[in-house]
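A.B. asks: A predicted structure for the sequence below; I have some questions about it.
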Amino acid sequence: MLADNSQPESVTLTEVGLRDGIQIENRRIPTGMKLELIEALVAAGLKSLQITAFVHPDKVPQMADAEELLSRIHLHAGVEFTGLVLNQNGVTRAQAAGLQNVEISVSASDTHSRKNAGLSLEQARNLSVEMVMRAKEAGLHVKAGIQCAFGCVYEGPVPASRIRDMAAAYVQAGADALALADTTGMATPVSVADLLATIGPVAGNLPLSLHLHDTRGLGLVNLMKALEFGVTRFDTSFGGMGGCPFVPGAAGNIATEDTVHLLSSLGIETGIDIEKVAAISRTMGDFFGKPLPGKLYNLRVNRPKAED
């Protein structure tokens, strides 16, 4: 994966607001409201949504209704719904709930892995490869993700060779796609370029996506750098909501509206209506009683032209 001066005609954004976006919030969102939000996001043009996580409800209470959500969801042609899983029990639950697309994600940091999944780095790596193989045997589409790929607040920089080896193991296990997550928001354009250059030969033709957080204000800058390397898939969250409950000071994802606005300014198509997503963000800001981190959700982006 080498940098060039071309840019893609279109980019696919995966909306993760209903998983990463709300997982640290204390006020529980009713399942019915989640279903309404999903319908609104689809109506806004989102074709890929991560809607839940199959994790222990005591650790992440917002995800306790994963099975109920899947039992009530309305499927749409051409729209992909995915769920996050961190262990084999999560894979089993996702399959039983009828979900066809899962993201199996483990941390590249030993300390974060122990806090997030209760597993050492070595245990998590071995288990994740087994999870990919079992999920594929069950007929599921698997995106294999690596958390803390650009650094860890507990351990500092993570060697690129470790990320490369983890990605290679996923490819060997049969993953359908790869994802690199800047869980702690430590990525910079330089580290993004370095890691993508390292991962490229391993990923080959597999789709590669980035999950960027804006903790240090570089989320969209890092996206710009990734575009130079041919990356066309990114996770975003309405209003810039999000953060990891096991990372001190974790900030939200890059905002869906802000990302669409940037890509549109570059002539890159997403198929997403900023105004419709912004309306969702305003609803969520009111629901949680606080402003959201995103820049554009409170502005009318498509302003009517002034009369002569």
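C.D. replies: Okay, I see it. Numbers count the residues shown, from 1 in each chain.

A.B. asks: going forward, measure contacts between C-alpha atoms and count neighbours the same way
C.D. replies: Fine.

A.B. asks: residue boundaries of the strands in the stretch 201-308 of the chain?
C.D. replies: 208-212, 233-236 (DSSP state E, counting those that start in this stretch).

A.B. asks: partners of the longest one, with directions?
C.D. replies: Here the strand partners of strand 208-212, with direction, are listed using DSSP bridges: strand 177-182 (parallel), strand 233-236 (parallel).

A.B. asks: pLDDT (mean, whole number) over the shortest one?
C.D. replies: pLDDT averaged over strand 233-236 equals 98, rounded to a whole number.

A.B. asks: let's have the strands paired with strand 208-212 in TSV, adding mean neighbour count and distance to residue 292.
C.D. replies: Output for the strands paired with strand 208-212, formatted as TSV (neighbours: other Cα atoms under 10 Å; distance: least, Cα to Cα, whole Å):
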stretch	mean neighbour count	distance to residue 292
strand 177-182	24	20
strand 233-236	25	14
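
A.B. asks: looking at these, which is nearest to residue 267?
C.D. replies: For the strands paired with strand 208-212, proximity to residue 267 was assessed by Cα to Cα; strand 233-236 is nearest, at 16.0 Å.

A.B. asks: now what about that closest one, what contacts it?
C.D. replies: 11-17, 207-212, 253-256, 259 (Cα atoms under 8 Å, 6 or more residues apart in numbering).

A.B. asks: tell me the gap between that strand and the middle of its chain.
C.D. replies: 6 Å (Cα atoms, centre = their mean, to the nearest Å).

A.B. asks: returning to that earlier point: dump the strands paired with strand 208-212 to CSV, plus distance to residue 171.
C.D. replies: Formatted as CSV, the strands paired with strand 208-212 follow (distance: least, Cα to Cα, whole Å):
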stretch, distance to residue 171
strand 177-182, 8
strand 233-236, 18
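
A.B. asks: in JSON lines, list the strands of the stretch 201-308 of the chain along with distance to residue 29.
C.D. replies: JSON lines is the format used below for the strands of the stretch 201-308 of the chain (distance: least, Cα to Cα, whole Å):
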{"stretch": "strand 208-212", "distance to residue 29": "23"}
{"stretch": "strand 233-236", "distance to residue 29": "19"}
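
A.B. asks: kind regards, and thank you for your time.
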